[in-house]
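Chemist: Using only what follows, build the 3D model:
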Amino acid sequence: MSLLEKKAPEFCLANQDDIEICLRDLKGKWIVLYFYPKDNTPGCTTEACEFTEALPNFNDLDAIIIGVSADSTKKHRNFIEKHSLSITLLSDESTDMMQEYGVWQLKKNFGKEYMGIVRTTFIINPDGIIKAVFDKVRVKEHVEKVQQTLQELQNS
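Modeler: Next up, the predicted model:
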């Protein structure tokens, strides 16, 4: 089921500082909401560092970047400190939000099947409507693509 052009599912989750962040509090801003498998793994670290590096460009576009994984707020805090990240990370240990966004899926690795996070990014407009979905994301050049798409959406 595609969420494109639909209202973004509501959420309230704790960030790396154990402060609750809710979608309703972010109304009026563009949101880049990205789901990633695990803190401190190579692809996820690259993605988080590239989003942090590009943060000034996203700020210029009046957009906030939020990463979500099933890691605890404590793991997020360590991840942020270890890599000097300046983005917000939310903890969805219950996977409820990930299920609502359709990114908690059956995965296969080395012949084993398990439930896990499919790396996905959503762009949500100031009215809370999902305007772009990047699924099964490859980390290389992803941040640039998201930024380009965001600019195009804002100019259309």
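
Chemist: contacts, neighbours, all on C-alpha from now
Modeler: OK.

Chemist: and Ala49, what are its phi and psi?
Modeler: I think there's a mix-up here, since residue 49 is Cys and not Ala. When read as degrees, to the nearest 10, the backbone of Cys49 gives phi -70, psi -40.

Chemist: Just give me the neighbour total for the residue nearest to it when sequence neighbours are not counted.
Modeler: Spatial nearest neighbour of Cys49, excluding adjacent residues (Cα to Cα, 6 or more residues apart in numbering): Leu85 at 6.4 Å. The tally of other residues near Leu85 (other Cα atoms under 10 Å) stands at 20.

Chemist: is it true that Leu85 touches Thr52?
Modeler: Yes - with contacts counted by Cα atoms under 8 Å, Leu85 reaches Thr52, the gap being 5.7 Å.

Chemist: would you list every one of the helices in the protein?
Modeler: With DSSP state H as the criterion, the chain has helices at 42-53, 55-60, 73-83, 96-100, 142-155.

Chemist: Ile19 is nearest to which of these?
Modeler: Each of the helices of the chain has some distance to Ile19 by Cα to Cα; the shortest is helix 73-83, at 9.5 Å.

Chemist: Can you check what angle separates the closest one from helix 42-53?
Modeler: 70 degrees (axes from the mean of the first three to the mean of the last three Cα atoms, to 10 degrees).

Chemist: By mean pLDDT, which helix or strand of this structure comes out lowest?
Modeler: Ranked by mean pLDDT, DSSP states H and E, the weakest helix or strand in the chain is strand 104-109, scoring a mean of 91.

Chemist: Check which residues of that strand are buried.
Modeler: For strand 104-109, the neighbour count (16 or more other Cα atoms under 10 Å) marks Trp104 as buried.

Chemist: How about stretch 125-138?
Modeler: For stretch 125-138, by 16+ other Cα under 10 Å, it's 125, 128-133, 137.

Chemist: which one is the residue nearest to the spatial centre of the chain nearest to, not counting chain neighbours?
Modeler: Closest residue to the average C-alpha location of the chain: Tyr34 at 1.5 Å, with Cα atoms, centre = their mean. Once flanking residues are discounted, Tyr34 sits nearest to Thr121: 4.1 Å by Cα to Cα, 6+ apart.

Chemist: Tell me the spacing between the one you found and Asp17.
Modeler: According to Cα to Cα, to the nearest Å, Thr121 and Asp17 sit 22 Å apart.

Chemist: that older thread, count of residues packed around the residue nearest to Tyr34?
Modeler: Other residues within reach of Thr121, judged by other Cα under 10 Å, total 24.
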